[in-house]
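Trainee: below is the sequence, then the predicted model.
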Amino acid sequence: MATNFFASYDLNRPNPTHKEMDDHLKRLGSCVHRVLETVWYIRSNRTREQLYEYMNSILSDNDRVLVIEAKDCIWRNLLVSDKTVLDCWSRQV
């Protein structure tokens, strides 16, 4: 069953670059969108732990990562359209 997540990371080393990390996240599926500068919305069949492990395997030990399972949310002025998030929120991935 697909679940909604928000994930964020801080890079503290030159590798991976933001572009490389963004590319890794985009590979997670069609409902993966940058919603704020370093916050991503992800709808996935993976668990929170699996998403964390995926991101953690790419990041260096000095980088930071946060993965949140979301049951509900409210927003304003995201980097993607409201329709994009709403369409993904209930989609069966």
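Mentor: Done, it's in. Numbers count the residues shown, from 1 in each chain.
Trainee: I'd guessed Val67 sits against Tyr54; true?
Mentor: No - at 9.2 Å, Val67 and Tyr54 do not qualify as touching, with contact defined as CB atoms under 8 Å. For every residue, glycine as well, the C-beta is placed using N, CA and C.
Trainee: among the two, which residue is more densely surrounded?
Mentor: Ranked by neighbour count (other CB atoms under 10 Å), Val67 and Tyr54 place Val67 first, with 22 against 19.
Trainee: report the buried residues of the helix or strand hosting the more buried one.
Mentor: Under the assignment given by DSSP states H and E, the secondary-structure element containing Val67 is strand 64-70. Judged by neighbour count (16 or more other CB atoms under 10 Å), strand 64-70 contains these buried residues: 65, 67.
Trainee: what pLDDT, on average, does the helix or strand just after it get?
Mentor: Sequence order places helix 82-89 as the next helix or strand after strand 64-70, per DSSP H and E. For helix 82-89, mean pLDDT is 92.
Trainee: what's helix 82-89 packed up against?
Mentor: Other helices and strands packing on helix 82-89, by 3 or more CB pairs under 8 Å, 6 or more residues apart in numbering; DSSP states H and E, are strand 32-36, strand 39-44.
Trainee: deepest in the core, which of those strands is it.
Mentor: Among the helices and strands packed on helix 82-89, ranked by average contacts under mean count of other CB atoms under 10 Å, first place goes to strand 39-44 (a mean of 22).
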